[in-house]
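A.B. asks: quick check, what structure comes out for this input:
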Amino acid sequence: MTTPVPLLVFTDLDGTLLDHDSYSYAPAQPALDALAEIGAPLVLASSKTAAEIAPLRAALGRNNCPAIVENGAGLLAPHAAPDPDAGTYARLRGALNALPADLRAQFRGFGDMTDGEVARVTGLRMSEAAMARRRAFSEPGLWDGDAASEAAFVAALADQGLQARRGGRFLTLSFGGTKADRMAEIIATYRPGLTLALGDAPNDVEMLETADIGIVVANPHSRPLPPLRGEAGPDGPIRRTKKPGPSGWNMAVCAVVSSLGA
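C.D. replies: A predicted model of the protein is given here:
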């Protein structure tokens, strides 16, 4: 059990803390500095793998903080190095390949792609794409069918014990676990005075609604989230930024820190 902290922040990455196109967090640096100054832990919560998140966590100077990886299917402990669970991923791929062929053919996961293909669909560099393919708990991919076929695909997945969640770019499969599930474990450890969560995609909704304050970060590259539970005006527990990505993130976090009198 750690000493209670004044603020505990959970954040999505792509399109939220990281710019959608450049993957830069530079516009958010003032807020990052403000969090460090008051000793507020920053928990990265993403569909990214532990291999992807570990170097970013180090670059942000947050190695002492846990990270939520692969949409909440797993955790990366403070100071821990990535340790892929090949058994879980192999079981997931086996269940996916057991689906009816017509449905399976419309989903192209990272495990079906080369490093080069992942680099193309994500905009990542080749070395980063290789880390994105080091899956432990989940499988993101592209859906190439209509809405009715996707519904049938999701139902067939459920028969195999798999869940599908729509993120900003990809449909991600796993055996369960959400960002909110992992939040509860981390909150119990840090005992914060206030929790703040920031995200932009459907797979962030539980996280946003679980925190004391949820910030929907504008992302002009994807469909806006519908009104969420608890979203009622500028002073409600869930708010929206006008600026996108790290610029909106910066303004929202600075406002919360300022409200603490810090």
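A.B. asks: burial count for the nearest residue to residue 166 once chain neighbours are set aside?
C.D. replies: Counting by CB to CB, 6 or more residues apart in numbering, residue 166 lies nearest to residue 202, which is 4.9 Å off, once chain neighbours are set aside. From N, CA and C alone the C-beta is placed, and that goes for glycine too. By other CB atoms under 10 Å, 15 other residues sit near residue 202.
A.B. asks: what does residue 214 give?
C.D. replies: 27.
A.B. asks: residue boundaries of the strands in the protein?
C.D. replies: In the chain, the segments counted as strands under DSSP state E are 8-11, 42-44, 67-69, 74-76, 107-109, 138-143, 163-166, 171-174, 195-199, 213-218, 238-244.
A.B. asks: and among those, the most buried is which?
C.D. replies: strand 67-69 (a mean of 28; mean count of other CB atoms under 10 Å).
A.B. asks: pLDDT on that one, on average?
C.D. replies: The pLDDT scores in strand 67-69 average 95.
A.B. asks: out of the strands of the chain, which is closest to residue 27?
C.D. replies: Checking the strands of the chain against residue 27 by CB to CB gives strand 238-244 as the closest, at 8.7 Å.
A.B. asks: distance from stretch 61-81 to the middle of the chain?
C.D. replies: Between the centre of stretch 61-81 and the centre of its chain there are 12 Å (CA atoms, centre = their mean, to the nearest Å).
A.B. asks: let's see the distance spanning it from one end to the other.
C.D. replies: 15 Å (CA to CA, to the nearest Å).
A.B. asks: and stretch 34-42, by the same measure?
C.D. replies: Start and end residues of stretch 34-42 are separated by 11 Å (CA to CA).
A.B. asks: got the buried residues for that stretch?
C.D. replies: 34, 35, 40, 41, 42 (16 or more other CB atoms under 10 Å).
A.B. asks: farthest pair within those?
C.D. replies: For those, and using CB to CB, no pair is farther apart than 34 and 41, which are 13.4 Å apart.
A.B. asks: using a markdown table, lay out the strands of the chain together with distance to residue 101.
C.D. replies: Shown next, in a markdown table, are the strands of the chain (distance: least, CB to CB, whole Å):
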| stretch | distance to residue 101 |
| --- | --- |
| strand 8-11 | 39 |
| strand 42-44 | 37 |
| strand 67-69 | 31 |
| strand 74-76 | 30 |
| strand 107-109 | 11 |
| strand 138-143 | 16 |
| strand 163-166 | 18 |
| strand 171-174 | 17 |
| strand 195-199 | 35 |
| strand 213-218 | 39 |
| strand 238-244 | 40 |
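A.B. asks: so for residue 54, which of the ones you listed sits nearest?
C.D. replies: The nearest among these, by CB to CB, is strand 74-76 at 6.6 Å.
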